[in-house]
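In: Fold the following for me, if possible:
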Amino acid sequence: MIVLAVCIAFQMHAFAQHTLSDSLIAQMSLKEKLRQITAAKSKSSLVMHFMGAMIAGHHFPLIKSGLNKRLHVPALAFSDGPRGGVVGAGNSSFPVAIALGASFDTALEYKVGTVYAAETQSHGANYFGGICVNLLYYPRWGRAQESFGEDAFHVGEMGLALTRAIQDHGMMGCVKHFAMNNIEENRYLVDAWVDDTTLHEVMLPHFRKIVEQGQVASVMSSYNRYNGYYCGENAYLLRHVLREQWHFKGFVTSDWDWGLRHAVGGVKSWMDIEMPCPRYYGKHLKEAIASGKLNEHDVDTLLQHILPTKLNYPNHKAYHLSKEIMAQHHELAREAAEQSMVLLENHQVLPYEANKVKTMLIMGRFAKKANLGDVGSSRVYPPYHVSPYQGLKEECKRENIKLKYYSGKNNAKAAELAKHADAVVLCVGFDHHDEGEYIMGNPDKNKKFIVGFSNGDRDSLYLHGEDQRLIHAVCAVNKHCTVTFFGGSPPNLTSVNDEIPALLFAWYPGMEGGHALSNILFGKVSPSGKLPFSILRNAEDNISFRPQDTAVRYGYFHGYELADAMHKPLLYPFGYGLSYSHFSINAKALDEQALRAEDTIHLSVEVKNEGNINAAEVIQIYAGNANATEGTLVKRLVAFDKIKLDPGISGTVNFSIPISQLARWDASEDNWKVLPGNYYLYIGNSADQASLQRLSFFIR
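Out: Numbers count the residues shown, from 1 in each chain. Below is the predicted model:
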């Protein structure tokens with residue numbers, strides 16, 4: 001009865017919002033309607049707005065759209081934020097999204113999202129555009145750091161947690177970029193050709209989850225084309241898939257500047273708001289209405305998507321966050337960095353024992369640098385940052401350890417210093433000069449690089465030569481060396497991997513990264529992060545596109561699914577990461593082994609911390625057809641959960657996996673279908689096929 005009452009109340013509220021919206025639309029002039037479907041008054045006013053923010057010491061101004069004082073219609077006030085609020089200054093800088101994806105911790109992601117909501121609202125925002133869930137399909141993708149990883153289920157779960165956090169705290173969430181935005185440098189022009197099965201099974205499931213389960217308020221389209229049509233005016237994506245199949249009730253915005261190419265195509269495809277200024281939804285749209293190509297009712301349809309959503313969220317005003325609250329946010333940033341770091345190698349090196357380390361040496365290009373991620377639209381200006389050197393310096397002072405720093409520019413000197421150190425930390429990897437958002441001017445008239453915030457797609461998967469040479473020199477003379485990698489997408493490590501005593505992925509760890517790194521290295525926290533992508537042993541096995549390609553074809557397989565189906569050797573599998581402890585994992589037999597399409601698998605997994613330190617493990621469940629052959633799908637992630645246990649303590653992780661999650665796309669029926677047959681569940685702590693337990697079941 002309670003559930004029924006809630007559903008009725010929700011429906012009545014939705015009906016009231018639509019009724020009010022219809023009334024408002026009826027009272028609006030055409031000019032007022034057009035102000036609802038775009039942002040700034042003109043390109044020049046937008047440029048002045050950005051310049052004003054820069055003069056004020058801010059990274060990104062608050063972009064407002066759709067304010068109508070006469071009819072009391074609130075404005076959208078936009079803030080980006082994949083790693084913290086970008087409007088204003090002084091916001092908390094968290095680890096990048098790919099790092100948070102490595103945490104495999106949806107509860108942590110929810111907590112982080114509540115901080116994003118609070119801090120962006122403190123600057124007057126009510127619309128959050130930081131829910132980026134494009135798959136890391138192409139390993140050199142420059143904006144991999146802004147998403148959560150390579151697997152659609154994992155990305156969907158993390159994105160869903162962030163969406164719920166944002167919207168539970170009174171903001172409209174915006175999930176992006178819809179869809180097939182997996183290449184950076186040619187993102188304005190590239191045409192992604194994808195077959196129906198690949199589209200629905202690989203490229204869209206995570207978007208679908210956030211739309212259907214998260215009831216996300218808004219979707220942002222992508223710059224690229226899909227099967228010949230720009231995504232910002234692609235009727236198949238925006239009307240058929242989003243509205244008709246997924247029953248999306250919110251509004252769609254274009255990606256910023258050049259996310260829309262035609263007024264008529266945009267309106268007819270239900271592109272609701274052109275951002276951030278009226279390039280096409282201004283003069284061109286007025287001309288289309290005057291000529292009869294469009295009519296005012298077409299515009300009304302867009303407003304029927306926009307207004308009910310805006311009216312469903314209160315118009316928040318800026319409010320003050322106390323020093324005490326901000327201190328809690330910074331503490332969460334440290335915790336998030338700790339939970340995200342991934343230990344890939346550890347040959348009796350870590351954790352460092354303070355009573356056995358008298359001298360420590362830290363070297364490398366990023367030892368003293370604020371390496372927080374790219375400097376495009378996701379950039380955050382925190383009140384401070386803690387470098388690796390600073391974090392270790394504070395800990396070494398407490399433990400009476402002598403810490404030395406050297407840049408590492410001279411390999412012979414680096415090796416000589418390393419010989420006399422009890423422990424060495426090398427800080428290598430990438431920064432915004434290597435990867436990040438790629439900004440251009442008019443892509444149709446001048447394809448040359450115009451404004452360069454970041455490099456775009458990474459030129460190579462390999463570490464820089466100077467990093468490789470430093471690793472060779474130091475690891476040859478000191479077996480207590482930890483190589484700490486900074487970056488946002490998979491590096492190729494084959495040239496140095498066998499020489500590294502300990503390897504830790506720190507990603508772009510945010511403002512508290514130095515403290516988090518120190519806590520991991522000295523064992524105050526056991527690493528529990530897992531790789532959110534696969535690292536193939538052979539670089540040539542990776543999917544690769546040329547930056548100048550204007551058309552690409554996405555195949556069905558990538559990442560660990562590619563490695564499984566095509567027998568590509570892995571250096572490190574998806575979901576892999578070491579701990580300072582050891583866990584036993586035992587899955588209980590399934591109660592029911594013959595199941596129907598509408599059933600749910602109930603699985604219990606017993607986990608025991610066999611070590612002597614409090615630690616966490618990520619239990620991963622994969623499923624696949626038992627009769628998979630070469631070139632077909634072997635398994636796919638269907639569930640995961642992170643469990644924290646004290647030494648010697650056991651716990652049970654319970655999973656409920658709907659059989660519908662195993663459905664495959666039937667292109668002939670334009671729908672999903674559960675195929676009968678024999679299946680396996682694979683249970684373990686990575687996608688490594690050899691290490692997984694296996695349970696059989698049958699779908700009738």
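In: Sketch out the low-pLDDT regions of the stretch 1-150 of the chain for me.
Out: 1-18, 40-46, 48-59 (pLDDT under 70).
In: how about the strands in it?
Out: Along the stretch 1-150 of the chain, the segments classed as strands by DSSP state E, counting those that start in this stretch run 63-65, 76-79, 127-132.
In: Pull up the pairing partners for the last one, direction included.
Out: Translated: strand 127-132. Partners of strand 127-132 in the sheet, by DSSP bridges, are strand 76-79 (parallel), strand 172-178 (parallel).
In: Run the chain-centre distance for the last one.
Out: If I follow you right, that is strand 172-178. 12 Å (CA atoms, centre = their mean, to the nearest Å).
In: thinking again about what came up before, make CSV from the strands of the stretch 1-150 of the chain and add distance to residue 586 and mean neighbour count to it.
Out: Backbone N, C-alpha and C define where each C-beta goes, glycine included. What follows is the strands of the stretch 1-150 of the chain, written out as CSV (distance: least, CB to CB, whole Å; neighbours: other CB atoms under 10 Å):
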stretch, distance to residue 586, mean neighbour count
strand 63-65, 52, 22
strand 76-79, 46, 27
strand 127-132, 36, 27
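In: Mind putting those strands into JSON lines with distance to residue 650?
Out: Output for the strands of the stretch 1-150 of the chain, formatted as JSON lines (distance: least, CB to CB, whole Å):
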{"stretch": "strand 63-65", "distance to residue 650": "51"}
{"stretch": "strand 76-79", "distance to residue 650": "44"}
{"stretch": "strand 127-132", "distance to residue 650": "36"}
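In: Count the neighbours of residue 498 for me.
Out: Neighbours of residue 498 under the rule other CB atoms under 10 Å: 9.
In: hang on, the earlier thing: for residue 299, which of the strands paired with strand 127-132 is the nearest?
Out: strand 76-79 (16.9 Å; CB to CB).
In: Touching that closest one from outside, list them.
Out: 39, 60, 62-66, 85-87, 120, 123-130, 172, 273, 275-276, 310 (CB atoms under 8 Å, 6 or more residues apart in numbering).
In: Residue 351 is nearest to which of the strands of the stretch 1-150 of the chain?
Out: Using CB to CB, these put strand 127-132 closest to residue 351, at 33.4 Å.
In: Just the buried positions in the following helix or strand past that closest one, please.
Out: Sequence-wise, the next helix or strand downstream of strand 127-132 (DSSP states H and E) is helix 152-168. Buried residues in helix 152-168, counted by 16 or more other CB atoms under 10 Å: 152-167.
In: on contacts alone, who are the packing partners of helix 152-168?
Out: Judged by 3 or more CB pairs under 8 Å, 6 or more residues apart in numbering; DSSP states H and E, the packing partners of helix 152-168 are helix 97-103, helix 106-121, strand 127-132, strand 172-178, helix 205-212, strand 636-645.
In: In the chain, where is pLDDT below threshold?
Out: Ranges of the chain meeting pLDDT under 70: 1-18, 40-46, 48-59, 314-319, 441, 445-454.
In: contacting residues for the residue positioned nearest the centre of the chain?
Out: Geometric centre of the chain, nearest residue: residue 147, 2.0 Å, by CA atoms, centre = their mean. Applying CB under 8 Å, 6+ apart, one finds that residue 147 lies in contact with 82, 97-98, 101, 132-136, 155.
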